[in-house]
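1. here is my input; please provide its structure:
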Amino acid sequence: MELLDDKMRVWLESAKFVKPNPGVYVLYNRNKDPIYIGESNNLEKTFTKYVDTDFEGNECKQKTQFYQRVFSDNSKELQLQLIDQFRSETNELPTCNSEIKIETH
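-> Model (predicted):
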């Protein structure tokens, strides 16, 4: 289930080469199931931190194998829209969004 129009990318191979723009991202497990919908004012900074700290020890996000991202000046709004869309289609939140409060970086 791909949530963004962006192509599916392999985590780590290209995560460090994201531009420092605001945007929304979706993390996927190896089955390509969405596990987290996040947003950031600087995707490069957020992804670099994730790569350097192995998701800060977050076991849920450590299951990430793929990701999608899209640049957006209204990233918080788009994140909430995607979460609402996911919830309406599945009656649940992505695994990592439900384990912790929806956070912004």
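2. give me the pLDDT value at the spatially most central residue of the chain.
-> Centroid-nearest residue in the chain, with Cα atoms, centre = their mean: Val26, separated by 2.9 Å. As predicted, Val26 sits at a pLDDT of 97.
3. so Lys19 is in which element?
-> Assessed by DSSP states H and E, Lys19 sits outside every helix and strand.
4. please report how far Arg30 lies from Met8.
-> According to Cβ to Cβ, to the nearest Å, Arg30 stands 12 Å off from Met8. Glycine gets a C-beta too; all of them are placed from N, C-alpha and C.
5. who has more neighbours, the two?
-> Comparing Arg30 with Met8 by other Cβ atoms under 10 Å, the one with more neighbours is Met8, at 13 against 9.
6. contacts only, for Val10.
-> Applying Cβ atoms under 8 Å, 6 or more residues apart in numbering to Val10 gives the contacts Gln65, Phe66.
7. who's it bridged to?
-> Phe66 (DSSP bridges).
8. for Asn41, see how far away it is.
-> Counting by Cβ to Cβ - Val10 and Asn41 are separated by 24 Å.
9. helix or strand right after the host helix or strand of the residue nearest to the centre of the chain?
-> Per DSSP H and E, Val26 falls inside strand 23-28. Downstream of strand 23-28, the next assigned helix or strand under DSSP H and E is strand 34-40.
10. now do that following strand: which elements does it pack against?
-> Contacts defined by 3 or more Cβ pairs under 8 Å, 6 or more residues apart in numbering; DSSP states H and E place strand 34-40 against strand 23-28, helix 75-90, helix 95-99.
11. which one of these has the poorest average confidence?
-> Going by mean pLDDT, the lowest-scoring of the helices and strands packed on strand 34-40 is helix 95-99, which has a mean of 84.
12. show me how far that one is from its chain's centre.
-> From the chain centre to the centre of helix 95-99 is a distance of 11 Å (Cα atoms, centre = their mean, to the nearest Å).
13. and it, what does it pack onto?
-> strand 34-40.
14. compute the inter-axis angle for the strand it packs on and strand 23-28.
-> In terms of direction (axes from the mean of the first three to the mean of the last three Cα atoms, to 10 degrees), strand 34-40 departs from strand 23-28 by 160 degrees.
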